[in-house]
Structure formats: C-alpha cells, structure tokens
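Trainee: Need a 3D model of the sequence below.
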Amino acid sequence: MATKNLWGELPRVDAKSTPIKILREQASVLDEISGGLLRGTVGATAHGSKMQLVLYITVPTLNYYQFGLLRVLHDAVDVYPVQVRTGTNDELGEAKNEAEFVQILENQLKADRTREILQSLMAQAKAIEGVTPE
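Mentor: Below is the predicted model of the structure:
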C-alpha cells in the first residue's frame, strides 16, 4: 500500500533572487573582471534560526588566502530583512527587500576601501605569478 501524501502539492518556487544567489552572482563577476587573479566565494552557515552568508575574496596564488569582505545575516526562513556588515563586523545597514540589499551591496563593492583591498590582493597575486603589476 502506497503512503498517502498529506502534504498536497508543494508551492512552485519562483525565480526571485535570494541574498545568497545575488552574492554568488557577484562572486562570479569578480572571477571574470580580475582575470582569475581573485575568486569570489560565498560561505553559508546556520546559527540557530539565523543564516550567515559571507562573501570572500579568495587569492589562489596566495595559498588560497581568503578575505571576508561582507557578512549578511537573515532569518533562516524569511530572507528579508537582511543585516549587512563588513568583514570586520561594522554595520552597513539593513535591507528590507532585494532592491535595498542590491543598493547596499553595490555601494560596498564600489567603496574606496574595497578598491584598496582588491588592488593590494591583485598586486600580491601578480607578484607571486612573476608578473609586474601595472
């Protein structure tokens, strides 16, 4: 005898962009625009009823050194609102929806300090490869 399905039909999953999807997309963009010198990776961990996402900059030529650039915290079930923090835990803001999250993320990825970090890591990666930084 077959087990009766008490769940009914599951709801359809829409194509909305979740914070982890958006971070992974930007991680891929970093791979492309750095010519592979830097790789973006995203870590995800659960802490009780909260999820923590971390956007890392990974440098393969520096023994896969990882720099935690951003931390995103949200409820494990409801992905918004999210709290966005720097890798050193400075608060960048809270986003109530996807548009606000993308705006905070874009501001941080284009920030002067982020540019300094990228420049430094790329210079070190090129030096290890024996390529003179431009």
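Trainee: which residues touch the longest helix along the chain?
Mentor: With residue count as the measure and DSSP state H as the assignment, the chain has helix 112-129 as its longest helix. Helix 112-129 has contacts (Cβ atoms under 8 Å, 6 or more residues apart in numbering) with 34, 37-38, 57, 59-62, 65, 67, 69, 108, 132-133. Bear in mind the C-beta positions are built from the backbone N, C-alpha and C, glycine included.
Trainee: Got a ChimeraX select line for the buried ones in those residues?
Mentor: Only the buried members of the contacts of helix 112-129 end up in this ChimeraX selection, burial being decided by 16 or more other Cβ atoms under 10 Å:
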select :34,37,38,57,59,61,67,69,108
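Trainee: quick one: which of the contacts of helix 112-129 sit in helices?
Mentor: residue 108.
Trainee: CSV for the contacts of helix 112-129, including pLDDT?
Mentor: Shown next, in CSV, are the contacts of helix 112-129 (pLDDT from 0 to 100):
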residue, pLDDT
34, 95
37, 94
38, 97
57, 97
59, 96
60, 95
61, 93
62, 93
65, 96
67, 97
69, 96
108, 95
132, 52
133, 49
